[in-house]
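Chemist: Give me the fold of what follows.
(chains A and B)
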Number of protein chains: 2
Amino acid sequence: MYRLTVQYETPTDPAAFDAEYFGKHVGLVAAIPGLKAMTFSKPTVVGPGTAPYLVAELDYEDEAAFLTTRDTPEQAAAAAHADTLPAGRVMFVGELREN
Amino acid sequence: MYRLTVQYETPTDPAAFDAEYFGKHVGLVAAIPGLKAMTFSKPTVVGPGTAPYLVAELDYEDEAAFLTTRDTPEQAAAAAHADTLPAGRVMFVGELREN
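Modeler: Down below sits the predicted model:
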């Protein structure tokens, strides 16, 4: 499994962020071809440091499936909308290794 | 699903960290009662920001299962060993919401 993780920082206006994110963005992401699964969580930190406000994980069969989908209009629409969301974010990708 | 995410910063000596982590720590974590699944990845950042060096995700059926396991000797052994690993970390927990 190949995963794109998006971690959002706490927005200035969480209610406005959530309305835009869950009201529109999730639908755009769900339409991306090749996406196998997606999960969301609003975690709580354990110990020192800071947890992201929101973690979104988008799973693809493998890196090739992820790369293929990057040229689709659905991916472009989701990416363009993501840039309008009112919170900073960090994104990273990687192959998942299971124990 | 309830998830404990552990994000490690880049160690000064990645080879030494990996030897200790994959050679010993993963076995201690795998022994924790109630743990349903665990995955690891060494992600690559996409865009601005910094990716963690290593992301470990430990999945439990629900928060009650996670909290129950916290009092076990297996959990205590894994936690004690984690504190000896030569890299900073941030941990957070949360319920996973699927789309």
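Chemist: Quick one: mean pLDDT over stretch A:14-24.
Modeler: The average pLDDT for stretch A:14-24 rounds to 97.
Chemist: anything in that stretch near chain B?
Modeler: No - using Cβ under 8 Å from any Cβ of the partner chain, no contact is recorded between stretch A:14-24 and chain B, whose separation bottoms out at 9.3 Å. All C-beta spots, glycine's among them, are computed from the backbone N, C-alpha and C.
Chemist: Mind listing residues that contact that stretch?
Modeler: Counting contacts by Cβ atoms under 8 Å, 6 or more residues apart in numbering or on different chains, the residues outside stretch A:14-24 that touch it are A:8, A:11, A:53-54, A:81, A:84-87.
Chemist: interface residues of chain A facing chain B?
Modeler: Contacts of chain A with chain B, taken as Cβ under 8 Å from any Cβ, map to A:1, A:3-5, A:26, A:29-30, A:37-52, A:55, A:89-99.
Chemist: If we use 6 Å, what do you get?
Modeler: If contacts are counted using Cβ under 6 Å from any Cβ of the partner chain, the residues of chain A sitting beside chain B are A:26, A:30, A:38-47, A:49, A:51, A:90-94, A:96-99.
Chemist: related to what we said a few turns ago, and the contacts of stretch A:14-24, which two are furthest apart?
Modeler: For these, with distances taken as Cβ to Cβ, the pair at the greatest spread is A:Tyr53 and A:His81 (17.6 Å).
Chemist: Now do the phi/psi pair for the nearest residue to A:Ser41 once chain neighbours are set aside.
Modeler: Here the nearest residue to A:Ser41 in space, its sequence neighbours aside, is B:Gly94; by Cβ to Cβ, 6 or more residues apart in numbering or on different chains that works out to 3.9 Å. For B:Gly94, the backbone dihedrals are phi -180, psi 160 (criterion: degrees, to the nearest 10).
Chemist: Contact partners for B:Gly94?
Modeler: With contacts defined as Cβ atoms under 6 Å, 6 or more residues apart in numbering or on different chains, the neighbours of B:Gly94 are A:41-43.
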